[in-house]
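Undergrad: Using only what follows, build the 3D model:
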Amino acid sequence: MKNVELRLVSELMKNGRRSDRELARVMGVSQPTVTRARTKLEKEGCIREYTVIPDFKKLGYHIMAIIFLKLSHPLSLEEREEMFKGTLQLREGNLNSVFLVMDGIGMGEDIVIISYFRNFSEYSHYIQSTRTEMTGRLKSLIYPEGITSFLINLDANAHYQPMTFSRMAGDLQKVISQNELSGTP
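TA: Numbering: from 1, shown residues only. Alright, predicted model coming up:
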């Protein structure tokens, strides 16, 4: 990715509501350059959406759960699709906000789900529904005892680094600076 594109992504991560004209001024390039770069990044899928990061607590969510699933064996593509369909159906039947479901490696776990819940009862219901689903239709894919969680109390006073893309944008700025020092366009 070119430095102009990296800088554009970085600036949009800080504030996605700015116009191409304002971004061009901040970046020190022409407005058509920004428009072309934005269009290219959107078309290539580098920019997938423009969104906000709300204060989940103010929206009524009081628990963030990081849920780990242990697979019984490496999954074929068909089994993986079946499992993720089941995860989505669980989501639709419960009052929660599933933020992320992805494969991963580490801690002896294979799948991570990040989800928000209004209260502990909703979280417990989701876990019970997940265990029921895993002992039913998806029994051969996931160990029902292989569901573990890490819960985050969003009501706690200590939030060391709340979720924001501005910090990540700062990391992109470091990459850009390194590219400029090495002469990479």
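
Undergrad: When you work out contacts or count neighbours from here on, use the C-alpha atoms and nothing else.
TA: Noted.

Undergrad: which residues are contacting the helix or strand hosting R167?
TA: Counting by DSSP states H and E, the element that carries R167 is helix 166-182. Under the contact criterion CA atoms under 8 Å, 6 or more residues apart in numbering, helix 166-182 has outside partners 3, 6-7, 9-11, 13-14, 185.

Undergrad: just for the chain, where's the confidence low?
TA: Within the chain, the stretches with pLDDT under 70 are 86-96, 133-145, 159, 185.

Undergrad: Just give me the residue closest to the centre of it.
TA: Nearest to the geometric centre of the chain sits L100, at 5.2 Å (CA atoms, centre = their mean).

Undergrad: So which residues of this protein form helices?
TA: For the chain, the helices defined by DSSP state H occupy 3-14, 20-27, 31-44, 77-92, 120-135, 166-182.

Undergrad: can you put those helices in CSV and add distance to L154?
TA: Putting the helices of the chain into CSV (distance: least, CA to CA, whole Å) gives the following:
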stretch, distance to L154
helix 3-14, 23
helix 20-27, 34
helix 31-44, 33
helix 77-92, 20
helix 120-135, 12
helix 166-182, 20
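
Undergrad: And those: which comes nearest V112?
TA: Closest of the helices of the chain to V112 is helix 77-92, at 11.2 Å (criterion: CA to CA).

Undergrad: domain parsing for the chain?
TA: Here the domain parsing of the chain from automatic domain parsing is 3-53+168-182, 63-153.

Undergrad: Endpoints of the shortest one, how far apart?
TA: Put plainly, it is domain 3-53+168-182. Counting by CA to CA, to the nearest Å, you get 12 Å between the two ends of domain 3-53+168-182.

Undergrad: want to throw the domains of the chain into a markdown table with distance to Q161?
TA: A markdown table is the format used below for the domains of the chain (distance: least, CA to CA, whole Å):
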| stretch | distance to Q161 |
| --- | --- |
| domain 3-53+168-182 | 12 |
| domain 63-153 | 13 |
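
Undergrad: Quick one, which of these gets closest to P162.
TA: Across those, closest to P162 is domain 3-53+168-182 (CA to CA), at 10.2 Å.

Undergrad: gap between that closest one and the chain center?
TA: When distances are taken as CA atoms, centre = their mean, to the nearest Å, domain 3-53+168-182 is centred 19 Å away from the chain's centroid.

Undergrad: likewise stretch 35-54?
TA: Between the centre of stretch 35-54 and the centre of its chain there are 15 Å (CA atoms, centre = their mean).

Undergrad: Number of residues surrounding H73?
TA: Using other CA atoms under 10 Å, H73 has 11 neighbouring residues.

Undergrad: now it: how far from I111?
TA: From H73 across to I111, the span is 12 Å (CA to CA).
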